[in-house]
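In: this one's sequence-less:
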């Protein structure tokens, strides 16, 4: 699929900004795509040249699901498999990113939307660089995830949405961070899957259920990644 030109992408970005007030009325938050008085700076290498010299294609794998569903565990296994095969990959874990780039955000619907948008922008940069970005993030709302998908697809970048479909009862049984126990004790409000909604994706590239072990889940993710990259080639 041909990539939009820089001019086309800038026009799309400007259109997003012009629609900001409309979007705010519907979703309460729409982060600005570009700041005022800035110009995109191209380097001496375009993406195709960079990827050709690196010997790999970039992509984003977006793992979504309830807290304790297994997103981070599976992402770590896939990252290791990719690195062992000689491909650069990097995990963008939701909790880790809240130690820095998203550390100023809370857990309201508006802040969750901003969180997904920031992570999506970072993942896009990793993918453009030639890395496989592995995002493990609850990302509970369909509209937020779809905006990130569109961000990648309009730029000709592979986006693989993986739904880690672990039932809430199993997540609460695992509860490695004690979040469900805190929610049940009334010590934590707004936990996704407990007293805050989760909207499952309607058409993800892959659904993983608890019947699969970590190694089998990693295999399935890698197969989905290759299928998506082949589709875009």
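Out: All right, it came through fine. Fair warning: this is a prediction, and the values are worked out from it, not measured in the lab.

In: lowest-scoring secondary structure element of this structure by mean pLDDT?
Out: Least confident helix or strand of the chain, by mean pLDDT, DSSP states H and E, is helix 20-27 with a mean of 32.

In: after that helix, next one along is what?
Out: Sequence order places helix 47-54 as the next helix or strand after helix 20-27, per DSSP states H and E.

In: any idea how far the spatially most distant residue from the centre of the chain lies from residue 170?
Out: Relative to the C-alpha centroid of the chain, counting by Cα atoms, centre = their mean, residue 185 is the outermost residue, at 30.8 Å. Computed as Cβ to Cβ, to the nearest Å, the residue 185 to residue 170 distance reads 20 Å. Every C-beta, even on glycine, is put in place using the N, C-alpha and C of the backbone.

In: ranges for the helices of the protein?
Out: For the chain, applying DSSP state H gives helices covering 6-18, 20-27, 47-54, 71-84, 94-97, 109-129, 142-153, 168-174, 179-184, 214-232.

In: ok, the residue nearest to the spatial centre of the chain - contacts?
Out: Nearest to the geometric centre of the chain sits residue 62, at 3.9 Å (Cα atoms, centre = their mean). By Cβ atoms under 8 Å, 6 or more residues apart in numbering, the residues touching residue 62 are 123, 135, 137, 139, 145, 148-149, 159-162.

In: again, but for residue 135
Out: 60-63, 75, 92, 94, 119-120, 123.

In: gap between it and residue 42?
Out: 26 Å.

In: in the chain, where is pLDDT below threshold?
Out: Scanning the chain for pLDDT under 70 picks out the ranges 1-33.

In: and residue 40, how many neighbours?
Out: Around residue 40 there are 10 other residues, counting by other Cβ atoms under 10 Å.

In: for it, phi and psi?
Out: Main-chain torsions, residue 40, degrees, to the nearest 10: phi -70, psi 130.

In: from residue 139, how far out is it?
Out: Distance, residue 40 to residue 139, using Cβ to Cβ: 27 Å.

In: contacts only, for the nearest residue to residue 58 once chain neighbours are set aside.
Out: Nearest non-adjacent residue to residue 58, counting by Cβ to Cβ, 6 or more residues apart in numbering: residue 127, 3.8 Å away. Contacts were defined as Cβ under 8 Å, 6+ apart; by that measure residue 127 touches 58-60, 133, 152, 157-158.

In: how about a cut-off of 6 Å?
Out: Applying Cβ atoms under 6 Å, 6 or more residues apart in numbering to residue 127 gives the contacts 58-60, 133, 157.

In: quick check: the farthest pair among the residues you listed?
Out: 133 and 157 (9.6 Å; Cβ to Cβ).

In: between the two, tell me which one has more neighbours.
Out: Comparing residue 133 with residue 157 by neighbour count (other Cβ under 10 Å), the higher total belongs to residue 133, at 27 against 21.

In: hang on, the more buried one packs against residue 126?
Out: Yes. With contact defined as Cβ atoms under 6 Å, residue 133 counts as touching residue 126 (3.8 Å).
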